[in-house]
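Chemist: All I have is the shape, not the residue letters:
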């Protein structure tokens, strides 16, 4: 079974663009024969929040159609032919009808690859457009090529770095994702699994991920929530690890706080 890299890549982009005025559709069915476009990044109706666009993406159109190739799946001429065909079908798919097609300038074609497409570069001219970004003239279309391994390590490039296949970039991307690890949990799980299938030695393991998710979750709990559900024996075991002086100091503070917030008691009558 082939590794569904483009699906995982699409999931990562969907998570990245969540909460903005853009949505990400994955494996868009364009025909009865299920000719699927890998990813479509489209403007979301009624939403105005703009994302921090990843490097190399360029100025977005209303519909940004993207194909993705992983380490063992080269970005070749056939990929661009297929992408151009998907672009035609997708334009028909979202237009009111064939007599009223949406304007061409509302559509862009992009192809992302983990590594530089040397075979393709031997057949067509790749015009550099900044680190990791190249344009190729394909018929009457311009297709943006994104080489993820060449992308700078940066906050806006966290998805690019995750799928770069480079150990250092991947580790940095995981560190950037730490505050959002819970929302990325299913994605990270699959990503680590498939990197293992590709025989890429990872500086980050499932054990690391699970530990960081637990730590991140615990940080959000109040002391009361952390202790909720513990039996008296478990609480006693926790307290046994603390010095007696610290426990006494804590109890005195708690008692003082309760006395300060309790309603005034009537004073006893003077004799």
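Modeler: Here it is on my side, so go on. These numbers were taken from a predicted model, which means no experiment stands behind them.
Chemist: After the helix or strand residue 174 falls within, heading C-terminal, what element do we hit next?
Modeler: According to DSSP states H and E, residue 174 maps onto helix 167-177. With elements assigned by DSSP H and E, the helix or strand that comes after helix 167-177 is helix 185-197.
Chemist: tilt between that next one and helix 167-177?
Modeler: 170 degrees (axes from the mean of the first three to the mean of the last three CA atoms, to 10 degrees).
Chemist: Run through the neighbouring helices and strands of helix 185-197.
Modeler: The helices and strands touching helix 185-197, judged by 3 or more CB pairs under 8 Å, 6 or more residues apart in numbering; DSSP states H and E, are helix 5-17, helix 167-177, helix 206-219. Glycine gets a C-beta too; all of them are placed from N, C-alpha and C.
Chemist: switch the cut-off to 10 Å
Modeler: Secondary structure elements in contact with helix 185-197, counted by 3 or more CB pairs under 10 Å, 6 or more residues apart in numbering; DSSP states H and E, are helix 5-17, helix 158-162, helix 167-177, helix 206-219.
Chemist: Show the average pLDDT along the longest one.
Modeler: If I follow you right, that is helix 206-219. Helix 206-219 shows a mean pLDDT of 57.
Chemist: Ok, stretch 15-25 next?
Modeler: Stretch 15-25 comes out at a mean pLDDT of 91.
Chemist: Next, the distance between the ends of it.
Modeler: 11 Å (CA to CA, to the nearest Å).
Chemist: Could you pull out the buried residues of that stretch?
Modeler: Judged by neighbour count (16 or more other CB atoms under 10 Å), stretch 15-25 contains these buried residues: 15, 16, 17, 20, 22, 24, 25.
Chemist: so residue 253 is in which element?
Modeler: Assigned by DSSP H and E, residue 253 falls in helix 244-261.
Chemist: tell me the mean pLDDT over that helix?
Modeler: For helix 244-261, the per-residue pLDDT averages 72.
Chemist: and what of stretch 55-67?
Modeler: Mean pLDDT, stretch 55-67: 96.
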